[in-house]
Structures are given as C-alpha cells and as structure tokens.
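1. my questions concern the predicted model and sequence given below.
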Amino acid sequence: MDLELRHLRVVCAIAETGSVTKAASALGLAQPALTAQLQRIERALGGPLFERDRRGARPTALGELVLDRARVLLPAMKGLRDEAARMAGAGDPLRRYRFGGVNSPILGRLVHRLAAERPDAQITTYGSWSVDELAQMVAGGRLDFALTGVCGDSAPSAGFGLSWREVAVEPICVLLPQTHPLAGRPEVDLVDLRRERWVAAPGDGCFGDCFATACARAGFTPKKVYEADVRAALDLVDAGEAVALCQATFRPVAGLVTRRLAGTPLRWRLLLGWHPDVPAAAVAEPVLAAAVAAYTDALANHPEYLGWLLAHPEFGVQPNGSGGVRIA
C-alpha cells in the first residue's frame, strides 16, 4: 500500500484525540473501519505507531517520527492547494464574482446590481451558517467575497488574513405575529418579552452570547430558544409558538410584523470580507460600493425605518470615504 496524505491525517487524528474511537468519531468513520485502516498503515510503515490500552492510544517511537513528518507535510500541502486555487481562479476578476453569505439581507440586491453593471460577468453564490467556513473558503481561493455580520463591536476571526469592511449598522428588531399583544407598539421593551419562547437561526458567531447578555441586563433569562432555518423560524412565529430576532431590513412577511427593541440593546454590523493578496482585491472597493448601494436600495421597502434612521445617524451606512468602516 502506498502511503497517502489521508493516512497521515488518520495518524494525526488518533494522536490528537488519544483514542482510536474518538478519532473515528472526529473523522466521521466507523471505529472498526478506522482500526483496519490503522493496521494497513502500520504494515506499510513496518511497525506499530501506537501503544493501545484502556487508557487510550500513545505514539510509539515510530509513531512520533511519522507524526513529526506529518505535521510538516499536511500544512505544507494545504498551503499548496490554497495557492493553486488562487492562481487557478485568478483570471480576469471583473469577469467572475464568487460570493458567500450568512443570511445576508443584501446579497440578492448586490448580485442584481453587479449583473446589471457587468452583464458578461459570471456571478455565483454560496450560503452557509458559518462565518468561519466562508472566511476559510475566501482564504483558500474558493470564494472571492464573504457577506457576513457581527454583533456589537466584535470583529470576525483574524486567523484567516481577510480584510473586512463595514457596510452598515442595523438595530436588531423582534419579529412578532400580527395578533401578538405587543404588535401594535412601534417599539417593544425587551423585558416585556421575558415570557416568550424564541427561535434563532444556527451559526457560529457570538450573537447568542450577546442576546443572552442583553436579556440578563433586562433582568431575565430566555425561556426557550429553538434553532431552525429561516423558513421554519417564520412558521414558528406565524404559529404563535415563538418570537424571533431579525435585522431591521428583514423583508416584510404577510401576517408578521417587525418591531424595534426600545433602547436598541442589540445591533448588527453587516460586513464584506476579501483576501488582500488575490486578484479580486483589485475590485474590492467597487464591490463594497455596490454592497452599500444594495443596502440603501433595501431601505425603500422600510419607509418607517428610513425615517427612524434620519434621527439615529449612528445606524445605517456610516460615511467613511469610498465605503464602509475598515475592520481589519
């Protein structure tokens, strides 16, 4: 059997978890299948790589040698793949735009604007609930831009080397059924929702912690929080089973109403990210300007919110030269 990179990943996974069983779970494999694969790797290398007993798996001297080489080879190969993906995808950046989005309210309008401005360009989109996944894909050359968001004054992970610029800042609102007792108010105090059940979209950001902190400041702990995709979340709100948090530019839905939270205890910052060392960076400023224009377009469906923005200039698009505030 010829040794392959996937075999080195198996060895590293066992060493990192300290157990064949845990490594199998981490790799998404059945434990007997991973055990058989380890045995084949050991036969190819000429000896046992781990001492295994009830306490787990510990590398042998041969295992330590293999691990030392694997920990050099695997990152090097990942770097090679990332560089190759960037080079292969370079081409003319004006002819290709690859966007990733995390529940972005402006992605559709941004694509519409770019398609009108660059009718010969190829535009593709990719959706994910994970900001880190999108950032990794941009860093690896599989996406050109990421449209995401962060709560409060937080910033995306700096570990991927991306440049981030702020598109706009929005107050977080609550989504209620029209029949809800509080639906007639222009603003709702967070504490008045203390008896409600909540529904939220999945994600790996800090928003859940920010929400819990805001509730604690209001003097309560959320009663229950469901996790569901957007369609299921709307169904839960429409059924009166839960209320949801949403961005101020959330598209109106029949039977539901959006109400601001009094005192704006939560805010959301829409961001555009890209890698500074790829060809797409050359068009980042025009894309950022298009994203800002797409956000402005979205306000047309929210006249009451637009009026509110005039009295609250700290929200909405923040003037800063050619586009948004620089984050990193």
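-> Here it is on my side, so go on. Numbers count the residues shown, from 1 in each chain.
2. give me the number of residues near Val292?
-> Val292: 23 surrounding residues under other C-beta atoms under 10 Å. Bear in mind the C-beta positions are built from the backbone N, C-alpha and C, glycine included.
3. just to be sure, it is in a helix?
-> Yes. Applying DSSP: H, G, I helix; E, B strand; the rest coil, one finds Val292 inside a helix.
4. correct me, but it touches Val169?
-> No. Judged on C-beta atoms under 8 Å, Val292 makes no contact with Val169 at a distance of 12.0 Å.
5. using PDB, write out the CA atom coordinates for stretch 261-279.
-> What follows is stretch 261-279 as a C-alpha-only set of coordinates in PDB (Å, rounded to 0.1, in the frame of the first residue of the first chain):
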ATOM      1  CA  LEU A 261     -36.400  46.900  20.600                       C
ATOM      2  CA  ALA A 262     -36.500  50.000  22.800                       C
ATOM      3  CA  GLY A 263     -33.100  51.400  23.600                       C
ATOM      4  CA  THR A 264     -31.600  49.200  20.800                       C
ATOM      5  CA  PRO A 265     -29.900  46.800  23.200                       C
ATOM      6  CA  LEU A 266     -28.600  44.800  20.200                       C
ATOM      7  CA  ARG A 267     -27.100  45.900  16.900                       C
ATOM      8  CA  TRP A 268     -25.800  44.100  13.900                       C
ATOM      9  CA  ARG A 269     -22.900  45.200  11.600                       C
ATOM     10  CA  LEU A 270     -23.000  44.000   8.000                       C
ATOM     11  CA  LEU A 271     -19.500  43.200   6.700                       C
ATOM     12  CA  LEU A 272     -17.800  42.500   3.400                       C
ATOM     13  CA  GLY A 273     -14.600  40.500   3.500                       C
ATOM     14  CA  TRP A 274     -11.900  39.500   1.000                       C
ATOM     15  CA  HIS A 275      -8.300  38.400   0.900                       C
ATOM     16  CA  PRO A 276      -5.900  41.200   0.200                       C
ATOM     17  CA  ASP A 277      -3.500  39.000  -1.800                       C
ATOM     18  CA  VAL A 278      -5.800  37.800  -4.500                       C
ATOM     19  CA  PRO A 279      -6.900  39.400  -7.900                       C
END
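6. could you check how far that stretch is from the centre of its chain?
-> Relative to its chain's centre, stretch 261-279 lies at 11 Å (C-alpha atoms, centre = their mean, to the nearest Å).
7. pLDDT on it, on average?
-> Throughout stretch 261-279, pLDDT has a mean value of 92.
8. who are the contact partners of Arg71?
-> Cys12 (C-beta atoms under 8 Å, 6 or more residues apart in numbering).
9. what about it, which SS state?
-> helix.
10. what's the distance between it and Lys224?
-> Distance, Arg71 to Lys224, using C-beta to C-beta, to the nearest Å: 44 Å.
11. and the strands in the stretch 101-250 of the chain, which stretches?
-> Secondary structure of the stretch 101-250 of the chain (DSSP state E, counting those that start in this stretch): strands located at 122-127, 145-151, 163-177, 187-188, 197-200, 224-227, 243-247.
12. just the residues contacting the shortest one, thanks.
-> Strand 187-188 is contacted by residues 174, 176, 182, 259-262 when judged by C-beta under 8 Å, 6+ apart.
13. go with 10 Å
-> With C-beta atoms under 10 Å, 6 or more residues apart in numbering as the test, strand 187-188 has contacts from 171, 173-174, 176, 180, 182, 243, 259-264, 308.
14. likewise for stretch 54-61?
-> 11, 14-15, 17-23, 38, 42, 47-52, 63-68.
15. what residue of the protein is the furthest out?
-> The outermost residue of the chain relative to its centre, with distances by C-alpha atoms, centre = their mean, is Gly46 at 43.8 Å.
16. and the pLDDT at the residue nearest to it when sequence neighbours are not counted?
-> Distances taken as C-beta to C-beta, 6 or more residues apart in numbering place Leu62 nearest to Gly46, at 7.7 Å, with adjacent residues excluded. Leu62 is assigned 93 on the pLDDT scale.
17. what helix or strand is Leu62 located in?
-> helix 61-88 (DSSP states H and E).
18. of the contacts of strand 187-188, closest to Gln31?
-> Distance to Gln31 across the contacts of strand 187-188 (C-beta to C-beta) is lowest for Val243, with 43.3 Å.
19. re earlier: settle this for me: the residue nearest to Gly46 is touching Phe50, isn't it.
-> Yes. The pair Leu62 / Phe50 is scored as a contact, 9.5 Å apart, by C-beta atoms under 10 Å.
20. how far off strand 163-177 does the helix or strand encompassing Tyr295 point, in degrees?
-> Assigned by DSSP H and E, Tyr295 falls within helix 284-298. Relative orientation of helix 284-298 versus strand 163-177 (axes from the mean of the first three to the mean of the last three C-alpha atoms, to 10 degrees): 20 degrees.
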